[in-house]
Structures are given as structure tokens and as C-alpha cells.
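K.L.:
Quick one, fold the following:
(one chain, ligands or ions: 2)
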Amino acid sequence: MRKQENKAGVDLTIKNLADWHISYENKLFIAGPCSVESEEQVLQTALSLKQQPVHVLRGGIWKPRTRPGQFQGIGHKGLRWLKNAGKAIQVPVAVEVAFPEHVEQCLKSGIDIIWIGARTSANPFAMQALADALRGIDMPVMVKNPINPDLELWIGAFERLNQAGVTKLAAIHRGFSSYRKTDYRNVPHWALPLELKRRIPAMPLICDPSHICGTTELLQSVAQEAMDLLYDGLMIEVHVNPAVALSDAQQQITPEQYGAFMKSLKLKKPFTENQELYRKIIYLRKEIDEVDTQIIDLLAKRMEISRTLGIVKIQDSVAVYQPDRWGEIVRSRIKAGLKRNLSEEFVDQVYQLIHEESVRHQEMAQQKK
Ligand code: PEP
Ligand code: MN
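P.N.:
Ligands and ions are numbered 1, 2, ... in the order given. So this is what the prediction gives:
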């Protein structure tokens, strides 16, 4: 995440969501339980979702649980239950696969769409094996971001699938593991999926607020943020009775809650035909451009000072890195930022980057001496 990619686009052959030949309106909404637990549970969940905007019914069959001893998924017998539940409400169904055998079982059971989970997309061996298993099979494949914030790894997963001839692809943003305690189960790092979209503009981008949030509290605001950023769809975990769910109980919502949730979601358009509004947007963009020019000027000025500082320090072999001074800078900048409505995480990250660049400039100046 720290090292900002600024690389050229990636040349992949990707079909539009419209070519998946499933019915959806503008946005693709995927809902369903974290895990298929029983025939009854998945059917009841589906039937309660019948009147809601759901285009794909999801359900985990093989579950990548962090610790053994937890519910590991119902296994292949659940595929038929899920498929029947999808049929009952006339929507295609999606399942997570991790091994070529899973792909085989899904094909046998008429599963319409598969997705690759965050632990699997982080593993190039597994990705290659799955790509090989999908060679010549024209089914939609969605790839969740790897658990670690590594854009190249995510892109590499798409490249492997594309090289095997898979063209119905979509990216699912489910957030990233973090050692630090945050408000999220998996921190969103919005810049990363947006950078994926910049490098592969044709890639449909779907947000999975359930796994980002880990609870139902922030679900609505994360989903809204995805819509504001013009994501192509959402994947939400919905369970007929979340309290007794065998996995991810805390983050699943009921079909009724899903209905209310979708009703209050505000969809955004990429542009407007309203002239007055358009002029306002142009004006504000101009203002942002000007502020950005100032930010670049100030950063350049700051680095100029760093270079001079580097030269002064070397005169008496003073170390470039001064932990106490650095700690004080971060603390005071975070405090100042908080007063101006900037989050601690944001100011901290900005200053980590400024510090890295500053050290680089000091060392550069010293080497020239
Ligand atoms: C899931 O969708 O239930 C799941 C296990 O997701 P992830 O791979 O994002 O953890
Ligand atoms: Mn889950």
C-alpha cells in the first residue's frame, strides 16, 4: 500500500458485465449467506430475498476458516441446495472455489458463477492451478483482493485467468488484513481497488462491505462509499437468522434488513446533464487542481530543506534518522490534523511517506557531498 503504484495499464481481454448474460440493472447486487448450512436455511434465505434487488445468490460451500475446529463448510452436497434455492427465485448462484476439484464439482452441479477468496488470490500456485482448471470454460469468475494490500498480486491473479482464456472477470474488494486495530475487520484502503480500476478500466469492480466491516454497524456507510466511487456492484452477506449462523454471524444481516439497506442506498451517476450542477463540479475541480499544485510545491520545498539538513548533519556525522524528533513530528501533525477533521490514520500514512521521501533526499544530498 505504501509504495504507490504509478504504472501503465494492464492489457487484459475482459467482457462487460452485460456479457455475463444474467439479468441485472446497471449495478450487480449479490446477496446470500456466508455459508450454506442446510437445505432449509439457504432456501428460506433465498425466498425472503425474492422481492429484493438481488441478481446473484451467493453461498460458501468450502469455507477458508482461520482456525481448525470451526465450521469448515457443508461441502459439495450443499451445491445442489444452493442451486435449487437460486432456481426458486430465478437467479444465478455463486460459490467460492479454492482447488481445481471445487471447480469440477461446481460445473457438475450447474453453479453459474465462481469466486476466488482472499486467501487463495494471495497464492500464485493456487491461482495457476485454478486458471488451468478453468481453461476452455466460459463462466464468470470473480476474484477477491488478496488479504495483503498487494495490487500486483491481485493483477497477477487476473492475468493467470485471462491467459487461460477466462474473459468474464470481476474484482471484489473485501478489504485488507491489518496488524493494527482499526474500526474495520479488514481495512478498505480504497485507493488500491481504484488504482486497479485505473490500470484495468474494463474490470467490473464489486464491493464486499460485509468482510470489510466484520459487523453490521458500518455496513451501510461502506456500501454507500462504494456507490459514491461508482463501483459496479455489491456483495452482501444475508442470512435468514444471523444469530445462529455457523460462520461470520456478526456481519450478516437478515433479508428484511437487506431490503431496508438497499432502499436507502443512493446510486450515483458518472456524469450529469444538469448544466448548473456541471459548472459547479468543474469549478470545484479547478479549486482542487489549484490546491494540488500548492501541495506539490510545498512538498518540493520541504524536500529542499531536507537536502540542506542532510548536508548540515553530515558535517558532524549526525544520523539522518532521529527517532525522538520523528515521533514528535508524527504526534504533533496527527494532533493538528484531528483539529482540522483529518483522520489519525490518514495523517499518519501521509507523514510516513513524507518521512521516507525526506530520508531519501537527505541521503541523496549527503552522497553528492
Ligand atoms: C466469504 O466471502 O465468505 C469469504 C470467506 O470471503 P474472503 O475470501 O473475502 O474472506
Ligand atoms: Mn463470510
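
K.L.:
residue ranges of the strands in this protein, please?
P.N.:
28-32, 56-58, 93-97, 113-116, 141-144, 169-173, 205-207, 233-237 (DSSP state E).

K.L.:
Ok, which of the ones you listed comes nearest ligand 1?
P.N.:
strand 141-144 (4.6 Å; CB to the nearest ligand atom). In this view, the C-beta of every residue, glycine as well, is placed from N, C-alpha and C.

K.L.:
Mind giving me the packing neighbours of the closest one?
P.N.:
strand 113-116, helix 118-121, helix 151-163, strand 169-173 (3 or more CB pairs under 8 Å, 6 or more residues apart in numbering; DSSP states H and E).

K.L.:
touching ligand 1 at all, it?
P.N.:
Yes. Residues of strand 141-144 contacting ligand 1 under CB under 6 Å from any ligand atom: Lys144.

K.L.:
Please state the offset of that strand from the chain centre?
P.N.:
The chain centroid and the centroid of strand 141-144 are separated by 11 Å under CA atoms, centre = their mean, to the nearest Å.

K.L.:
Given that strand, what are its sheet partners and their directions?
P.N.:
Strand pairing for strand 141-144, determined by DSSP bridges: strand 113-116 (parallel), strand 169-173 (parallel).

K.L.:
quick revisit: now, of the helices and strands packed on strand 141-144, which is deepest in the fold?
P.N.:
Among the helices and strands packed on strand 141-144, ranked by average contacts under mean count of other CB atoms under 10 Å, first place goes to strand 169-173 (a mean of 25).

K.L.:
buried sites along the longest helix along the chain?
P.N.:
Assignment by DSSP state H gives helix 275-314 as the longest helix of the chain. Within helix 275-314, the residues that count as buried by 16 or more other CB atoms under 10 Å are 303, 306-307, 309-310, 313-314.

K.L.:
And the residues you listed, which is closest to ligand 1?
P.N.:
So of the buried residues of helix 275-314, ranked by how close each gets to ligand 1 (CB to the nearest ligand atom), first place is Met303, at 38.9 Å.

K.L.:
my guess is that closest one contacts Ser358, does it?
P.N.:
Yes. Shown here, Met303 and Ser358 form a contact pair, counting by CB atoms under 8 Å, at 6.5 Å.

K.L.:
Spit out the contact partners of the residue of the stretch 1-150 of the chain found nearest ligand 2.
P.N.:
Per CB to the ion, Cys34 is where the stretch 1-150 of the chain lies closest to ligand 2, at 3.3 Å. Contacts for Cys34 were tallied using CB atoms under 8 Å, 6 or more residues apart in numbering; they are 60, 63, 210, 237, 239, 245, 247-248, 251-252.

K.L.:
so where's the chain uncertain?
P.N.:
1-6 (pLDDT under 70).

K.L.:
try 50
P.N.:
Residues of the chain meeting the criterion pLDDT under 50: 1-5.

K.L.:
which residues touch the nearest residue to Leu309 once chain neighbours are set aside?
P.N.:
Spatially, and ignoring its direct neighbours in sequence, Leu309 is nearest to Gln362 (6.1 Å; CB to CB, 6 or more residues apart in numbering). Gln362 makes contacts with 306-307, 309-310, 313, 320, as judged by CB under 8 Å, 6+ apart.

K.L.:
Same question for Gln105.
P.N.:
Here Gln105 is in contact with 76, 79 (criterion: CB under 8 Å, 6+ apart).

K.L.:
Next to ligand 2, which bits of the chain? Give me the list.
P.N.:
34, 248 (CB under 5 Å from the ion).

K.L.:
Run through the helices of the chain in chain order.
P.N.:
Using DSSP H, helices in the chain cover 39-49, 77-88, 100-108, 118-121, 124-133, 151-163, 191-199, 209-213, 219-228, 255-264, 275-314, 323-339, 344-368.

K.L.:
want to try a markdown table for these, with distance to Arg174 as columns?
P.N.:
Below are those laid out as a markdown table (distance: least, CB to CB, whole Å):
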| stretch | distance to Arg174 |
| --- | --- |
| helix 39-49 | 20 |
| helix 77-88 | 20 |
| helix 100-108 | 19 |
| helix 118-121 | 6 |
| helix 124-133 | 16 |
| helix 151-163 | 11 |
| helix 191-199 | 10 |
| helix 209-213 | 4 |
| helix 219-228 | 11 |
| helix 255-264 | 18 |
| helix 275-314 | 29 |
| helix 323-339 | 28 |
| helix 344-368 | 19 |
